[in-house]
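A.B. asks: here is my input; please provide its structure:
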Amino acid sequence: MPITRRSLLKAAAAVPALSLPSIVRAESQSTLRFIPVIDLAFVDPIYSTAQVSRNHGFMVYDTLYGMSSSLQVSPQMLSGHTISGDQLQWDLMLRDGLFWHDGERVLARDCVASIRRWAARDGFGGELMEATAELSAADDHTIRFRLKRPFPLLPQALGKAAINACFMMPERLAGQDPFKPLTEVIGSGPFRYLADERVQGARNAYAKFERYQPRTEGKSDWTAGPKIVHYDRVVWTTTPDAGTGVAALQTGEQDWQETTPHDLLPIIRAAGDIETRILDPRGYACMLRLNHLQPPFDNPAIRRALLGAIDQSAFMTAVAGTDPAFQVSPIGFFAPGTPMASEVGLDVFRGPRNYDKVKADLKAAGYNGEKIVLLVPTNSLAQRPLGEIAADSLRKAGMNVEYAGLDFAVVLQRQLKKDPIGQGGWSAAVGNWQGIDWLNPAGNTNIRGEGKVAGWYASEKMGPLRSQWLAASELAEQQRICREIQAVAFEEIPYIPIGLYKQPTAYRKDITGILDGTAVFWNVRPA
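C.D. replies: Residues are numbered from 1 along each chain as shown. So this is what the prediction gives:
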């Protein structure tokens with residue numbers, strides 16, 4: 001009889017917890033054992049836009065401001081800030097007792113270099129630097145922004161938990177090329193990265209940073225407030241299959257699995273000793289990314305014609321099952337249920353798909369059977385089914401699709417290539433982002449329209465609209481501008497939104513203190 005994911009789980013469930021060696025049970029009091037959604041391919045969270053790199057970043061690095069689960073920002077590495085009367089000078093004061101993992105003190109000049117490196121990769125950071133006349137270290141504890149114009153969202157930019165977060169690094173690292181990944185990991189966060197324990201594709205380990213001083217006021221809430229560590233070590237173990245990870249939870253070999261397959265929730269709940277919950281109700285927004293450098297998707301008319309082939313509910317059902325509690329469609333270019341989301345343009349996704357019409361529209365737009373190389377990370381729990389639906393949808397639309405199933409790290413690297421298809425290039429790729437990454441036009445870097453990253457589109461309309469949004473002080477005006485931005489996006493198609501799903505996490509009941517938001521490892525402790 002073939003071994004299936006469900007049979008593996010049933011076999012694991014039959015193993016009594018008391019059969020575990022006593023050394024494993026003792027270790028669980030000092031070591032938190034975690035299964036990330038995918039392997040940590042890049043340890044530099046400024047270079048990489050992968051969620052796993054961001055989660056790693058919050059373990060090792062710290063941020064000037066923190067963000068609560070209600071998206072409010074507050075000082076984190078800072079004791080506070082002062083703003084001049086004309087709002088053109090911000091002085092950010094570092095709190096006392098901050099040290100890098102190599103023992104050196106955290107200085108303002110380190111943070112200045114870190115902000116510059118981050119801003120070179122992040123859209124919100126780029127907007128902040130465009131509004132900045134001078135960024136300097138006024139003294140060892142003071143970071144000074146002299147602005148060209150008021151920028152009231154400065155704390156939100158520096159404190160966002162979305163990709164890319166503004167992580168602080170020593171100046172000698174932050175001064176390096178932001179478009180080349182760092183390999184040395186030195187932060188000032190609550191955990192040290194144990195590089196010598198890394199096993200590529202399988203394991204990453206962290207140790208409590210004994211010199212880390214948590215904030216003394218407020219409550220721990222996502223990346224804000226006191227970051228109090230209760231475990232000496234955290235070990236990330238990458239598993240080849242999510243079902244294998246669930247089995248490890250059942251036997252007590254692992255404590256926490258970041259993402260759990262929706263179809264296995266009934267089995268997990270029946271086990272009795274495992275909790276499941278959704279950490280972030282804003283969910284995961286998904287996209288079909290189109291390469292704007294290569295034919296056929298360099299043609300906006302072809303990109304628009306392809307919208308008719310997209311059934312968002314089919315994509316979300318493939319990832320999250322049929323339970324409507326776990327999926328949202330149709331969606332546009334801002335996370336549904338958040339202030340900037342709107343109904344503009346969504347009718348294109350409603351109703352049954354007419355593939356004969358799509359074929360005719362594609363031909364009229366100029367599609368002539370060019371090969372479409374679709375990149376799919378086959379070791380990703382969510383992105384693999386997204387890729388399978390994408391390939392099927394494009395084929396139904398009459399497109400000549402080559403399904404390129406690759407490791408997630410290889411997909412990330414290949415998307416940087418600007419070469420034609422015949423020289424190892426690519427045409428399209430699936431991806432998922434957290435809803436917090438699509439909150440507004442400053443944070444959603446996918447709709448910037450600057451064309452700086454390989455394959456992203458360039459737009460003359462988006463930049464001025466984004467500037468208007470940043471200058472708007474009233475919510476109603478911001479929402480009006482975002483409706484216009486979404487209308488432009490449906491005209492130019494920076495990418496195709498393919499729905500949003502809500503992802504449960506699972507953990508054993510003998511741990512407690514897991515915070516809402518993303519997977520963070522402070523506040524977590526034995527129950």
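
A.B. asks: and the strands in the stretch 201-350 of the chain, which stretches?
C.D. replies: 203-208, 233-237, 256-257, 274-278, 284-290, 327-328 (DSSP state E, counting those that start in this stretch).

A.B. asks: need the winner for burial among these.
C.D. replies: strand 256-257 (a mean of 26; mean count of other C-beta atoms under 10 Å). From N, CA and C alone the C-beta is placed, and that goes for glycine too.

A.B. asks: contacts for that strand, please.
C.D. replies: 32-35, 242, 245-246, 248-249, 505-508, 511, 514, 519, 524 (C-beta atoms under 8 Å, 6 or more residues apart in numbering).

A.B. asks: next one: stretch 232-242
C.D. replies: 5, 30-36, 38-40, 59, 191, 201-208, 245, 248, 254, 257, 259-261, 264, 379, 381, 521.

A.B. asks: out of those residues, which are buried?
C.D. replies: 5, 31-36, 38-40, 59, 191, 204-208, 245, 248, 254, 257, 259-261, 264, 379, 381, 521 (16 or more other C-beta atoms under 10 Å).

A.B. asks: now the strands of the stretch 201-350 of the chain in TSV, with distance to E484 and mean pLDDT?
C.D. replies: Below are the strands of the stretch 201-350 of the chain laid out as TSV (distance: least, C-beta to C-beta, whole Å; pLDDT from 0 to 100):
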stretch	distance to E484	mean pLDDT
strand 203-208	43	98
strand 233-237	43	98
strand 256-257	42	96
strand 274-278	32	94
strand 284-290	20	96
strand 327-328	23	94
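
A.B. asks: okay, those in JSON lines with distance to R121 next?
C.D. replies: Formatted as JSON lines, those follow (distance: least, C-beta to C-beta, whole Å):
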{"stretch": "strand 203-208", "distance to R121": "22"}
{"stretch": "strand 233-237", "distance to R121": "24"}
{"stretch": "strand 256-257", "distance to R121": "29"}
{"stretch": "strand 274-278", "distance to R121": "29"}
{"stretch": "strand 284-290", "distance to R121": "17"}
{"stretch": "strand 327-328", "distance to R121": "29"}
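
A.B. asks: for G435, find the nearest of those strands.
C.D. replies: When these are compared by C-beta to C-beta, strand 284-290 sits nearest G435, at 5.4 Å.

A.B. asks: output the closest one as CSV, nothing but the C-alphas.
C.D. replies: C-alpha atoms of strand 284-290 as CSV (Å, rounded to 0.1, in the frame of the first residue of the first chain):
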residue,chain,number,x,y,z
TYR,A,284,-1.9,35.9,2.4
ALA,A,285,-2.5,37.8,-0.9
CYS,A,286,-1.5,35.9,-4.0
MET,A,287,-0.3,37.0,-7.4
LEU,A,288,0.6,35.8,-10.9
ARG,A,289,3.6,37.8,-11.7
LEU,A,290,4.2,38.6,-15.3
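
A.B. asks: low-confidence stretches in the stretch 251-400 of the chain?
C.D. replies: Regions of the stretch 251-400 of the chain meeting the criterion pLDDT under 70 are absent.

A.B. asks: same question but for the stretch 51-200 of the chain, I mixed them up
C.D. replies: For the stretch 51-200 of the chain (pLDDT under 70), the answer is none.

A.B. asks: mind listing the strands for it?
C.D. replies: According to DSSP E, counting those that start in this stretch, the strands that the stretch 51-200 of the chain contains are 65-67, 73-75, 78-83, 89-94, 132-139, 142-147, 191-193.

A.B. asks: of all these, which one is nearest G225?
C.D. replies: Comparing those by C-beta to C-beta, strand 65-67 comes nearest, at 6.7 Å.

A.B. asks: show me what the closest one packs onto, helices and strands only.
C.D. replies: Under the contact definition 3 or more C-beta pairs under 8 Å, 6 or more residues apart in numbering; DSSP states H and E, strand 65-67 sits against strand 73-75, helix 154-159.

A.B. asks: that one: partners in the sheet, and parallel or antiparallel?
C.D. replies: strand 73-75 (antiparallel) (DSSP bridges).

A.B. asks: list the buried ones in the strand it pairs with?
C.D. replies: Result for strand 73-75 [16+ other C-beta under 10 Å]: buried residues V73, S74, P75.

A.B. asks: looking at those residues, which is nearest D280?
C.D. replies: V73 (16.4 Å).

A.B. asks: endpoints of stretch 70-84, how far apart?
C.D. replies: Length of stretch 70-84, first residue to last, C-alpha to C-alpha, to the nearest Å: 28 Å.

A.B. asks: how about residues contacting that stretch?
C.D. replies: By C-beta under 8 Å, 6+ apart, stretch 70-84 touches 62-68, 89-96, 98, 106, 111, 155-156, 159-160, 168, 188, 215, 218, 221, 223-225, 436, 439.

A.B. asks: turn the helices and strands packed on strand 65-67 into CSV, including distance to G321.
C.D. replies: Converted to CSV, the helices and strands packed on strand 65-67 look like this (distance: least, C-beta to C-beta, whole Å):
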stretch, distance to G321
strand 73-75, 35
helix 154-159, 35
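
A.B. asks: of all these, which lies closest to D196?
C.D. replies: helix 154-159 (32.1 Å).

A.B. asks: which residues sit against that closest one?
C.D. replies: 63-67, 73-74, 76, 81, 90, 115, 124-125, 127-128, 145, 151, 166, 223, 442.

A.B. asks: the stretch 1-150 of the chain: helices as residue ranges?
C.D. replies: 5-13, 22-27, 51-60, 108-119, 123-130 (DSSP state H, counting those that start in this stretch).

A.B. asks: give me the average confidence score over the second one.
C.D. replies: By that I understand helix 22-27. In this model, helix 22-27 has a mean pLDDT of 46.

A.B. asks: hmm, R282 and G337 touching each other?
C.D. replies: Yes. Under the criterion of C-beta atoms under 8 Å, G337 makes contact with R282 at 7.0 Å.

A.B. asks: now for these two: what residues contact both?
C.D. replies: G435.

A.B. asks: neighbour count: these two, which is higher?
C.D. replies: Taking other C-beta atoms under 10 Å, G337 and R282 do not tie; R282 has more neighbours (22 against 13).

A.B. asks: residues contacting the nearest residue to that one once chain neighbours are set aside?
C.D. replies: Among residues not flanking R282 along the chain, G435 sits closest, at 3.1 Å (C-beta to C-beta, 6 or more residues apart in numbering). Listed by C-beta under 8 Å, 6+ apart, the contact set of G435 reads D280, R282, G283, Y284, A285, A335, P336, G337, T338, L500.

A.B. asks: mind checking how far G435 is from H141?
C.D. replies: From G435 across to H141, the span is 36 Å (C-beta to C-beta, to the nearest Å).

A.B. asks: now do the helices in the stretch 201-350 of the chain.
C.D. replies: Using DSSP H, counting those that start in this stretch, helices in the stretch 201-350 of the chain cover 242-251, 265-271, 300-306, 312-320.

A.B. asks: list of residues touching the third one?
C.D. replies: Contacting residues not belonging to helix 300-306 are listed as 290, 296-297, 358, 361-362, 364-367, 394, 397, 490-493, 496 [C-beta under 8 Å, 6+ apart].

A.B. asks: torsion angles phi and psi at D361?
C.D. replies: phi -70, psi -40 (degrees, to the nearest 10).

A.B. asks: re the thing from before, out of the strands of the stretch 201-350 of the chain, nearest to L182?
C.D. replies: Using C-beta to C-beta, those put strand 203-208 closest to L182, at 15.4 Å.

A.B. asks: helices or strands up against the closest one?
C.D. replies: helix 51-60, strand 191-193, strand 233-237.

A.B. asks: pull the number of nearby residues for the residue lying closest to T260 once chain neighbours are set aside.
C.D. replies: Sequence neighbours aside, A506 is the residue nearest to T260 in space, at 4.2 Å (criterion: C-beta to C-beta, 6+ apart). By the measure other C-beta under 10 Å, the count of residues near A506 is 26.
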